[in-house]
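*Asks:* Need coordinates for the below:
(2 chains)
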Number of protein chains: 2
Amino acid sequence: MALEGELDSDVVRLGGDARQRFHDARGYGYPLSGNEIALSPVEAAHLLYTDNIDGVRVDGERVGFRGFTAREPGVDFAVRYLVYADLRARGLYLSPAREPWIDPDAFDGVDDDTDFAVYPRGKGPNDGELEYALRVLGERTDVPATALEPGVLAVVDEESEITYLEVATPTVTGDSVRVTDPGLVPLGTDGMDPSETGVGADLLEDRVVIWNPPTALYERTFYGQPLEGREYDGETPTIQCSLLEAAHLASVGVLDLDPGAVRERGRAVEGDRFDRRLRVYTALRERGVVPKTGYKFGADFRTYATVDTVDDLGHSEHLIRVVPSTHDFEPRDLSLDVRLAHGVRKTMVVALVTDEPAHPDDPAEGISWRSVERLTP
Amino acid sequence: MALEGELDSDVVRLGGDARQRFHDARGYGYPLSGNEIALSPVEAAHLLYTDNIDGVRVDGERVGFRGFTAREPGVDFAVRYLVYADLRARGLYLSPAREPWIDPDAFDGVDDDTDFAVYPRGKGPNDGELEYALRVLGERTDVPATALEPGVLAVVDEESEITYLEVATPTVTGDSVRVTDPGLVPLGTDGMDPSETGVGADLLEDRVVIWNPPTALYERTFYGQPLEGREYDGETPTIQCSLLEAAHLASVGVLDLDPGAVRERGRAVEGDRFDRRLRVYTALRERGVVPKTGYKFGADFRTYATVDTVDDLGHSEHLIRVVPSTHDFEPRDLSLDVRLAHGVRKTMVVALVTDEPAHPDDPAEGISWRSVERLTP
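*Replies:* Residues are numbered from 1 along each chain as shown, chains lettered A, B, ... in the order given. This next block holds a predicted model:
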């Protein structure tokens, strides 16, 4: 006997032995009374495509996969179907992340933006366990920074290939030597005039030259870059710093420069971006992480978590991109960043910075950190 | 005796045995009368920094490296000095790319945007040979697409590290099977109505489904992607195409779809970008190159030069980014693209597309191709 569903408002009702066969055994739909179940259009389309059911009656007419999907409007259905089918083909069960398929509150991480609750391999909707809270996007759909919440994004490109990106909240801390550690370099603190204790430096148009820095400044805390870009030989200690590095060093009293003047210069060459980056730079330094420019990777920073001396830097762990918390990401850019970071064995981290002024005692306040990595389900 | 230069307008004059010692032997400056030479400020700064000269008299006062560079204004001097010093440290000689240091017309590739003429290792300004026509940029300086001319860009980042990028004109041709090759698939040409010969397809919101394509369409010419993203098993021939692929297939009469309707849909989801990309897509296909989406690499296309069957694709050679010829590149973005391409063993190619309407018989007209690769001098 042909097994046929019936479209009823926005679900497809399916009778016969559907409950045991499709819901209990394979995680499709949700139970109605008796053996009947209700399927979302995506679930019904998948059963049609895989020849598990023979058709769906729509307004008295029987349609197959092509006819059924043709009547589902818009980009959303197509991309959700592609992701649903891909995960099914990988042997995973998943449900629309809403009542009555599941109770969203029962699964940590499922929110209004979640499209599918994906279960651990071998589990289904009744086992109460979640593998991923999955959001589906077309490659042309922007992702507001606020939607970059822990979970998994499935991005469907124009040729219908799918990239899975896992968003999480990373630990961005370290135990590098701090320039303010006692005895390391002279500090213009304790009421002393920085011009008496600070290190002399020239503020150039878009960088700073420190002519005779304490050697620890570069060698232990990894500020600046020896002039000429050659291997540092310990004999030509003149270093150049970025405006970010100089602004930080001036603000903690290491440099005999007015921190406000350095920040002004930074804003002149970078605009608002400079303040956002300085906030993240400062938060990282205060957490014991050393940020250096991420320019060669197209990022704001690459970071080192445990710098004790520049001769033994180790591998940098993160690439950090600083954006305002109102930023809209193009999935393409996220994909590029994540791909590049993976290729150089680093993790891509986005630092989302609010518009609120920085907290005077805690530069990390108002910064949200998100790691984004590729995932194979 | 202390060797001292003298600032004279915008050059530093240097006497004594300067001509033999610095110009003839090591490529600094240009000769004046007798043994005297004239140095550009960058050259003079380098001789000061390397203790080859002891000072420069400026308005009757003698200054050293710090004093001399402090009076040179702006970002330009700093970044040009850094690049000059880096190349010198690598053992190369170079001159300002202008009269009277060199005759720009005597060196192919030197134009108004060139900062330095860099000579082959062991050669100097009098040997008439050029290794690179070098342009120097700070990482915050945008590069207009029109300035992306063959030559080398030296980009100095905020921490004074230098990335060298070589711009060239790549050969973007191939000998892949063309969908219009006789006998491959039915074509709605020769006055026949495409609806009689063309392949049926559904135009969805942002992609196209071809339900029963000729197998050659995917297997030989690599259009589309089998539905469900699984390994193609030859038994479920339904494929999905991007709007670009479909627009091209419709325009050559393979699909029973109105090419104008597909383009309209493309513009609706992508705006002007769709027309630019279609022009490049078409030019590539007509040159025997197969473009597929470059989404996973953050590019518009990845390309295959010799597709005969999808089972034997080979390695894709290029990542192509399509931009209008009025585009301004941020060096950071160029750096990111080039780095990523290198990591996946491909060459980054930029396709610059004019605003002029496409030539009806030659879609490649109005497209300029530029490859950009990292270089170690």
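
*Asks:* how about the helix or strand where A:Thr282 lies: buried residues?
*Replies:* Per DSSP states H and E, A:Thr282 falls inside helix A:272-286. Neighbour-count burial for helix A:272-286, counted by 16 or more other Cβ atoms under 10 Å in any protein chain shown, picks out A:273-286. Where you see a C-beta, it was placed from the backbone N, CA and C, and this is true even at glycine.

*Asks:* ok, now stretch A:111-122?
*Replies:* A:113-119.

*Asks:* Keep these, but drop any that are not near chain B.
*Replies:* Among these, no residue lies close to chain B (Cβ under 8 Å from any Cβ of the partner chain).

*Asks:* Considering those residues, which member attains the minimum pLDDT?
*Replies:* The lowest pLDDT within the buried residues of stretch A:111-122 belongs to A:Asp113, which sits at 90.

*Asks:* separation between it and chain B?
*Replies:* From A:Asp113 across to chain B, the span is 20 Å (Cβ to the nearest Cβ, to the nearest Å).

*Asks:* Please report how far that residue lies from B:Thr114.
*Replies:* From A:Asp113 across to B:Thr114, the span is 51 Å (Cβ to Cβ, to the nearest Å).

*Asks:* any chance of the buried residues of helix A:272-286 in a markdown table, with distance to chain B and pLDDT too?
*Replies:* Listed next are the buried residues of helix A:272-286 as a markdown table, based on distance: Cβ to the nearest Cβ, whole Å; pLDDT from 0 to 100:
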| residue | distance to chain B | pLDDT |
| --- | --- | --- |
| A:Arg273 | 10 | 94 |
| A:Phe274 | 10 | 96 |
| A:Asp275 | 15 | 94 |
| A:Arg276 | 14 | 95 |
| A:Arg277 | 10 | 96 |
| A:Leu278 | 12 | 96 |
| A:Arg279 | 16 | 95 |
| A:Val280 | 14 | 97 |
| A:Tyr281 | 11 | 97 |
| A:Thr282 | 16 | 96 |
| A:Ala283 | 18 | 95 |
| A:Leu284 | 15 | 96 |
| A:Arg285 | 15 | 96 |
| A:Glu286 | 20 | 93 |
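
*Asks:* between the residues you listed, which is closest to B:Asp256?
*Replies:* Nearest to B:Asp256 among the buried residues of helix A:272-286: A:Arg273, at 50.7 Å, using Cβ to Cβ.

*Asks:* circling back to that earlier point, secondary structure for the buried residues of stretch A:111-122 - can I get that in JSON lines?
*Replies:* Below are those laid out as JSON lines (DSSP: H, G, I helix; E, B strand; the rest coil):
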{"residue": "A:Asp113", "secondary structure": "coil"}
{"residue": "A:Thr114", "secondary structure": "coil"}
{"residue": "A:Asp115", "secondary structure": "coil"}
{"residue": "A:Phe116", "secondary structure": "strand"}
{"residue": "A:Ala117", "secondary structure": "strand"}
{"residue": "A:Val118", "secondary structure": "strand"}
{"residue": "A:Tyr119", "secondary structure": "coil"}
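
*Asks:* Which two among those residues are spaced furthest apart?
*Replies:* A:Asp113 and A:Tyr119 (18.8 Å).

*Asks:* Would you state the helices of chain A in chain order?
*Replies:* A:18, A:25-26, A:41-49, A:65-70, A:74-89, A:194-197, A:215-219, A:243-251, A:259-270, A:272-286, A:331-343 (DSSP state H).

*Asks:* Tell me how far the fourth one lies from the chain's centre.
*Replies:* Just to be clear, that refers to helix A:65-70. 36 Å (Cα atoms, centre = their mean, to the nearest Å).

*Asks:* Understood, closing this out.
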